[in-house]
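Visitor: dropping the sequence and predicted coords here.
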Amino acid sequence: MVNINSISFLAEGKATYTDGGAVAEYTWLIVVLPFLAALLITFFGKFLPLKGAEIALATIGFIFTFSSYLLYLNITEGVASEFFINVGSIGSFDLEFGWVVDGLSIMMYFVVGTVASLVFIYATNYMQGEVRYTFFFTSLTLFAGSMLVLVSSPTLLQLLIGWELVGVCSYLLIGHYWEKKENSSAAMKAFITNKIADVGLMIGIIVLALSTGTMRISEILYQSTHDYQSLKSVAYLAGVLLFIGAMGKSAQFPLHVWLPDAMAGPTPVSALMHAATMVTAGVYLLARMFPFYQGMASQALDVVLLFGVITLFAAGLIAIVQDDLKKVLAYSTVSQLGYMVAAIGSGAYTAALFHLWTHAFFKALLFLGAGSVIHAVHSNSMKEMGGLRKEMPRTYTTFILGTIALAGLPPLAGFFSKDEILASLNHGGYSAYFAIAVAGAFITAFYMTRAVVLTFFGDYRGNGHPHESDSMMTTPLIVLAGFAITAGWVNIPGIYTGFTDWVTTRKNPIVEYHPESFDYFALSSGLLAGLAGIGLAYYVYQVLGKPEDGDEKIKVEPVWNILENKYYLDDFYFKYIINPTKSTLSNIVDRFNTNILDRAVNMFGTAATFLGNIVYEKFDQGGIDKTLNVSSSSTDALGARVKLLQTGKAQQYIMYFLSGVIVISLLILLVL
Amino acid sequence: MSVQPFLIAAAGLFSIGIYGILVRRNVVMVLLSIELILNAVNINFVVFNAMLGDALLQGQIFTIFIITIAAAEVGIGLAIVLMLFRNRKTANIDEFDLLKW
Amino acid sequence: MEALDIISYFLLLGLLLVAVKVVTTSNVIHAAISLVFTLAITAATFLLLSAEFVALVIVLVYIGAVIVLFLFGIMITRAPLGQNAELDNDKNKSLALVVSLSIFGIFSYVMLDTFDSQIIITSGTSTELLGEILLSRFVFPFEVVSFVLLAALIGGITLARQDNALMDENQI
């Protein structure tokens, strides 16, 4: 049964909105179609000319078109509706699935649709000739579907399902080249780290569901904004738990360790999942539950903010010392996710989502560009690159544009979104965090410029013959570069704040501070920091020393070692968590299993065998068989005796006959 | 005259014949005893005929039939005995037990 | 009639005694001759019962043919002539006695219980009447019996025949 939720809330963010009409009713198509497509690719992909990529491209193209139209509807009219399908109930909880069509979800649909379409096109060429091509596209399509399940979920249960599905697809895709042990280990690391964080998420969901009595997000948010006591008592706890879940997916310190290792997967995967979509799921969760945090769990927001700021700073520092181009981008992603989480933590809903929006485009661009470079040089390490701007002009140009966007220079996208975050931090009075965030902007610009210089400037240090990539790979780069330029222009404070309107079109109102105009202090600080970072890096790497020298000139040994070893965090995890679990805990569990459980089971087996033997010997052989044997042998013996009657002598036969006659006649005479 | 002595005599003859069948070893003696039995039956028939005063004389007619059949049976019986004797060189009925188990 | 009664008692007694001799004697020839006497006394009894034709038939057919046949059979089977102690089967004797006495008892009881009438003494049976009845009312059994005799005749000859090639002076 489809129930159109017709409770109408007063939306403070937007005056009016519609329920989206027929288009919103059919939004389930974009959620369900990828799964069907994955099935089709699995069974029929091998026989198609493009080996299954056509089905994936068609599906993602449809999703892109549909989401674009939904975005258009949202821009013009405003759409906020949810649809539920009731499939049963457990106790007092109704099991409902459905889809949400409101501003936040539409934005996510659009981001997923756009970036995924471009990545799919890119991947068709990038993965040409690689092993398991068809399965790659199956997994990619499955991932697209899972992500859409996540961002379209109107209930916490469906969100959890989408969350886990995305984790599974991440595992499949990171471990695509599983023939090498480090790749499968990386996939395992991603999955397990996520799973540890998911414990928090699940407990949080349980707490929320039990205290509110419902799984519907919109109702939980309604209860949050209307001061329901049962929810208020557990709000802080639930808020922190949900954030722990978000920490895993969105790679916040200290659960970020899986993201750099996830670069072992193919570059299109990194571009799609670990830049634009999967890692933003945590931010999406926080954004979706924002009224809850605002209304009841504002102390939890302090925790969120703290971890966000730590993440953005620590990850940025590590990015400076990386030699692997993709790892630089990975740490950069972690750092930018820290920005988004810090924005939510400071109460800036729109700023966080705006940064998510712009970051998706330019980070995907950077990753795809890096993929193009790696494809040409056949190596990930920047030590083997250099001077590529001559051979790969289009890649170089788009990469530069992406770098500038990331560093936050106007008029490119990153400038506007980063500035909004800094402004909200400043407005909230978090001066220390503001300073750290500005320092983070400096570091961002520094390591990105370092990467650009080491890759594209100087002389080529490698052994191959790099050349510009195919148009199928460079065209998405160009399109994404276009987005990187223009994506920031949808939310310019004071001039046009359409984006704010888009994402606040929800059934539950968002209460936040909307700046009237630019915060010039934040703006100038961020701009200066960015320019300083670019300048310093260029100076150090291009002017002061040649790119060939790498980091030699600025290396400070102890600091460098700590950074290179990623704050020894991985070692810490290994020594104190993984190894004890592997050796001690596993041994205990193993011994318990072998000695107690297996013995118990074996005991049953032995007992059954014993019992069976008894039954066999006593009852079957001794009892039944014996009875049969006895009956047959007794019949045999009886027959052996009786046959002696047949002597062949006629006189004896006559004797028997006459005796019978006498007996019968006596019977008749005497009895009857 | 009363009928009963005749009937008892016939019964006695019958049982003597039975005794003879059961006891005699020679095949021909057994056949002899069979003749006694048939004779007893003949007496019975004639006595009943006299008792009933039958106008159709059925008892006597039947007696004639029995005699005829007895003669035929003796002929065949002795022919068989002859063949037995040719094969086994003995007329001892105990020797002819080939149908035993 | 009293005289007839006494005669009949004597005849019947003699009958039984001779019959006992048939089955108990150890001389085969004596047994055969005793049978002759049994049949003769039977014929006399039939005369008493005014069944003359039947009596004559007994004498002619039974004594004349059947006994002769028996004597031939005795000779052919080389039955030991003279006293022969092995003639009776000693094992069966007691049981056979019991059986025969029981049969006698049962039969006589049944007979005495059922029949209590008198014999009608007539002047005798007309043979012409007998023949007439035999060939009119009982013609069918008559013809069947003649077939039986024919079959017995042929059968007897077939059974007793032997292959000429195997014949030698020791065989008959």
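Guide: Perfect, thanks for sending it. Numbering: from 1, shown residues only, chains lettered A, B, ... in the order given.

Visitor: what residues does chain A put near chain C?
Guide: Those residues of chain A that sit near chain C, judged by Cβ under 8 Å from any Cβ of the partner chain, are A:Gln651, A:Gln652, A:Met655, A:Leu658, A:Ser659, A:Val661, A:Ile662, A:Ser665, A:Leu666, A:Leu669. Where you see a C-beta, it was placed from the backbone N, CA and C, and this is true even at glycine.

Visitor: for the stretch 401-550 of chain A, give me the ranges with low pLDDT.
Guide: Applying pLDDT under 70 to the stretch 401-550 of chain A flags residues A:544-550.

Visitor: just the helices from it, written as ranges.
Guide: A:413-427, A:431-456, A:471-486, A:498-504, A:520-538 (DSSP state H, counting those that start in this stretch).

Visitor: and the ones you listed, which is most packed in?
Guide: helix A:413-427 (a mean of 27; mean count of other Cβ atoms under 10 Å in any protein chain shown).

Visitor: what's the neighbour count on A:Ser218?
Guide: The local packing of A:Ser218 (other Cβ atoms under 10 Å in any protein chain shown) involves 22 other residues.

Visitor: any figure for the gap between it and A:Tyr284?
Guide: A:Ser218 sits at a distance of 15 Å from A:Tyr284 (criterion: Cβ to Cβ, to the nearest Å).

Visitor: would you confirm that C:Ile106 contacts A:Leu669?
Guide: Yes. Judged on Cβ atoms under 8 Å, C:Ile106 makes contact with A:Leu669 at a distance of 7.0 Å.

Visitor: contacts for stretch B:91-98, please.
Guide: Judged by Cβ atoms under 8 Å, 6 or more residues apart in numbering or on different chains, the contacts made with stretch B:91-98 from elsewhere in the structure are A:647-651, B:24-28, B:30, B:81, B:84-85, B:88, C:77-79, C:89.

Visitor: roughly how far apart are A:Val589 and C:Thr38?
Guide: 112 Å.

Visitor: between the two, which one's more packed in?
Guide: Per other Cβ under 10 Å, whichever of A:Val589 and C:Thr38 has more neighbours is C:Thr38, with 29 against 12.

Visitor: what sits against the more buried one?
Guide: B:Leu13, B:Leu36, B:Asn39, C:Leu15, C:Val18, C:Ala19, C:Val22.

Visitor: what's the closest of the residues you listed to A:Ser346?
Guide: Closest approach between those and A:Ser346, by Cβ to Cβ: B:Leu36, at 140.8 Å.

Visitor: ok, now which ones touch that closest one?
Guide: Shown here is B:Leu36, whose contacts under the criterion Cβ under 8 Å, 6+ apart are B:Leu13, B:Phe14, B:Ile16, B:Gly17, B:Gly20, C:Ala19, C:Val22, C:Val23, C:Leu35, C:Thr38.

Visitor: ok, 7 Å please
Guide: Remark: with contacts taken as Cβ atoms under 7 Å, 6 or more residues apart in numbering or on different chains, B:Leu36 is in contact with B:Leu13, B:Ile16, B:Gly17, B:Gly20, C:Ala19, C:Val22, C:Thr38.

Visitor: pull the most distant pair out of those.
Guide: Maximum pairwise distance among the contacts of B:Leu36 (Cβ to Cβ): 11.3 Å, between B:Gly20 and C:Thr38.

Visitor: residues shared between the contacts of the two?
Guide: With contacts taken as Cβ under 7 Å, 6+ apart, the residues that reach both B:Gly20 and C:Thr38 are B:Leu36, C:Val22.

Visitor: what lies in contact with stretch A:404-417?
Guide: A:332, A:354-355, A:358, A:361-362, A:366, A:401, A:418, A:441, A:444-445, A:448, A:484-485, A:487-488, A:491-492, A:526, A:530, A:533-534.

Visitor: and the helices in the stretch 151-300 of chain A, which stretches?
Guide: Along the stretch 151-300 of chain A, the segments classed as helices by DSSP H, counting those that start in this stretch run A:156-174, A:181-212, A:217-225, A:229-232, A:235-249, A:258-261, A:267-271, A:281-288, A:290-295, A:298-320.

Visitor: and among the ones you listed, the most buried is which?
Guide: Of all the helices of the stretch 151-300 of chain A, helix A:267-271 carries the top mean neighbour count, a mean of 28, counting by mean count of other Cβ under 10 Å.

Visitor: which neighbouring elements make contact with it?
Guide: helix A:103-126, helix A:349-377 (3 or more Cβ pairs under 7 Å, 6 or more residues apart in numbering or on different chains; DSSP states H and E).

Visitor: now do it: distance to the chain's middle.
Guide: Relative to its chain's centre, helix A:267-271 lies at 14 Å (Cα atoms, centre = their mean, to the nearest Å).

Visitor: A:Asn629: which element?
Guide: For A:Asn629, the element it lies in under DSSP states H and E is helix A:626-642.

Visitor: the residue in chain A that chain B sits nearest to: what secondary structure?
Guide: The nearest approach of chain A to chain B comes at A:Gly648, 3.1 Å away (Cβ to the nearest Cβ). Under the three-state scheme (DSSP: H, G, I helix; E, B strand; the rest coil), the conformation of A:Gly648 reads as coil.

Visitor: contact partners for it?
Guide: Going by Cβ under 7 Å, 6+ apart, A:Gly648 touches B:Asp97, B:Leu98, B:Leu99, B:Lys100.

Visitor: for B:Phe96, see how far away it is.
Guide: 7 Å.

Visitor: so what does the residue nearest to A:Pro393 when sequence neighbours are not counted look like in phi/psi?
Guide: Distance criterion Cβ to Cβ, 6 or more residues apart in numbering or on different chains; nearest residue to A:Pro393, sequence neighbours excluded, is A:Glu468 at 6.7 Å. Backbone dihedrals for A:Glu468, given as degrees, to the nearest 10, come out at phi -60, psi 150.

Visitor: isn't A:Glu468 right next to A:Glu391, touching?
Guide: Yes. A:Glu468 lies in contact with A:Glu391 (Cβ atoms under 7 Å); the separation is 6.4 Å.

Visitor: residue of the stretch 451-600 of chain A closest to chain C, please.
Guide: Here the stretch 451-600 of chain A gets closest to chain C at one residue, A:Ala600, 75.8 Å apart by Cβ to the nearest Cβ.
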